[in-house]
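**Q** Let's see this in three dimensions:
(chains A and B)
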Amino acid sequence: EDQVTQSPEALRLQEGESSSLNCSYTVSGLRGLFWYRQDPGKGPEFLFTLYSAGEEKEKERLKATLTKKESFLHITAPKPEDSATYLCAVQGHGGSQGNLIFGKGTKLSVKP
Amino acid sequence: DSGVTQTPKHLITATGQRVTLRCSPRSGDLSVYWYQQSLDQGLQFLIQYYNGEERAKGNILERFSAQQFPDLHSELNLSSLELGDSALYFCASSPYPTTSGGITDTQYFGPGTRLTVL
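**A** Below is the predicted model of the structure:
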């Protein structure tokens, strides 16, 4: 069964304090791993898609990396506006019929 | 703004009632997906339509149904509502069907409909 586990559940950082969020996954044939950002009461906002181990993508203070078992979202020198819940999702070839399986997210709070 | 629109933003109703949620996909997207997000379950895939046809089903209750119309907008119908159906309901769209063996592409989410069942 395809599964996604995100850790930590919540993370509090001071402005400028870099850190990483983890997404561990099991999937029968990875087609893609996705990172989304979600603000309270809003829809998930697409950040990155990663397709194969070793791949990296960057956007402003965010960098996503992928291995065969997990993905990391690195946040460099975060600002208060980076506060949100970050969701990881996988798309596989198997039982999920190619649809997204989401983790429960990491709630990030960045204090000024 | 993702380009996906959903109406209404908020819906308050009573147990046993029926409601309809509406979604318009991004221009050019043929696939529509419905998700439910509750506090304890996270985002759960419900159902997918591609160009008017049902393509995949997830954890969708029999009391729930959906359809995609020729103009590609979609509606999610929830009936015999229970307290536990209170949640955020999101629609997402993508250009392709993304079923097994298909093209991997990104799903873009709408702003959601918050359903409260009293």
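**Q** Next one: B:His73, what pLDDT does it get?
**A** Per-residue pLDDT puts B:His73 at 97.
**Q** in the sheet, who's paired with the closest residue to it other than its chain neighbours?
**A** Take B:His73 and drop its neighbours on the chain: the residue closest to it by Cβ to Cβ, 6 or more residues apart in numbering or on different chains is B:Ser24, 4.7 Å away. For the C-beta atoms, the positions are set from N, CA and C on the backbone; glycine is no exception. Per DSSP bridges, the residues bridged to B:Ser24 are B:Thr5.
**Q** Same check on the one 10 residues further on?
**A** Beta-bridge pairing of B:Trp34, defined through DSSP bridges, involves B:Ile47, B:Cys91.
**Q** and it, what does it touch?
**A** When the contact criterion is Cβ atoms under 8 Å, 6 or more residues apart in numbering or on different chains, the partners of B:Trp34 are B:23, B:45-48, B:60, B:66, B:74, B:76, B:89-91.
**Q** Then B:Leu78?
**A** Counting by Cβ under 8 Å, 6+ apart, B:Leu78 has contacts B:18-21, B:63-64, B:85, B:115.
**Q** how near is it to chain A?
**A** 18 Å (Cβ to the nearest Cβ, to the nearest Å).
**Q** can you pull up the bridge partners for that residue?
**A** Beta bridges link B:Leu78 to B:Val19, B:Phe64 when assigned by DSSP bridges.
**Q** which parts of chain A sit against chain B?
**A** A:31-32, A:34, A:36, A:41-46, A:49, A:51, A:87, A:89, A:91, A:93-94, A:96-105 (Cβ under 8 Å from any Cβ of the partner chain).
**Q** Mind checking which of those residues are buried?
**A** Those of the residues of chain A next to chain B that meet the buried threshold are A:31-32, A:34, A:36, A:42-46, A:49, A:87, A:89, A:91, A:93, A:96-105, by 16 or more other Cβ atoms under 10 Å in any protein chain shown.
**Q** Return the subset of the residues you listed lying in strands.
**A** Using DSSP state E to define strands, the subset of these located there is A:31-32, A:34, A:36, A:45-46, A:49, A:87, A:89, A:91, A:101-102.
**Q** Give the residue spans of chain B that score low on pLDDT.
**A** Within chain B, the stretches with pLDDT under 70 are B:97-104.
**Q** sorry, back to before: got the contacts of B:Leu78 as JSON lines, with distance to A:Pro80 and neighbour count columns?
**A** Supplementary listing: the contacts of B:Leu78 in JSON lines, determined by distance: Cβ to Cβ, whole Å; neighbours: other Cβ atoms under 10 Å in any protein chain shown:
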{"residue": "B:Arg18", "distance to A:Pro80": "42", "neighbour count": "11"}
{"residue": "B:Val19", "distance to A:Pro80": "37", "neighbour count": "18"}
{"residue": "B:Thr20", "distance to A:Pro80": "39", "neighbour count": "13"}
{"residue": "B:Leu21", "distance to A:Pro80": "33", "neighbour count": "21"}
{"residue": "B:Arg63", "distance to A:Pro80": "42", "neighbour count": "13"}
{"residue": "B:Phe64", "distance to A:Pro80": "38", "neighbour count": "19"}
{"residue": "B:Asp85", "distance to A:Pro80": "35", "neighbour count": "21"}
{"residue": "B:Leu115", "distance to A:Pro80": "31", "neighbour count": "21"}
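**Q** ok, the residue nearest to B:His73 - how many residues close by?
**A** As a burial measure, B:Ser24 scores 19 neighbours (other Cβ atoms under 10 Å in any protein chain shown).
**Q** Return the distance of it relative to chain A.
**A** Distance from B:Ser24 to chain A, by Cβ to the nearest Cβ: 13 Å.
**Q** I'm done for today, thanks for sticking with me.
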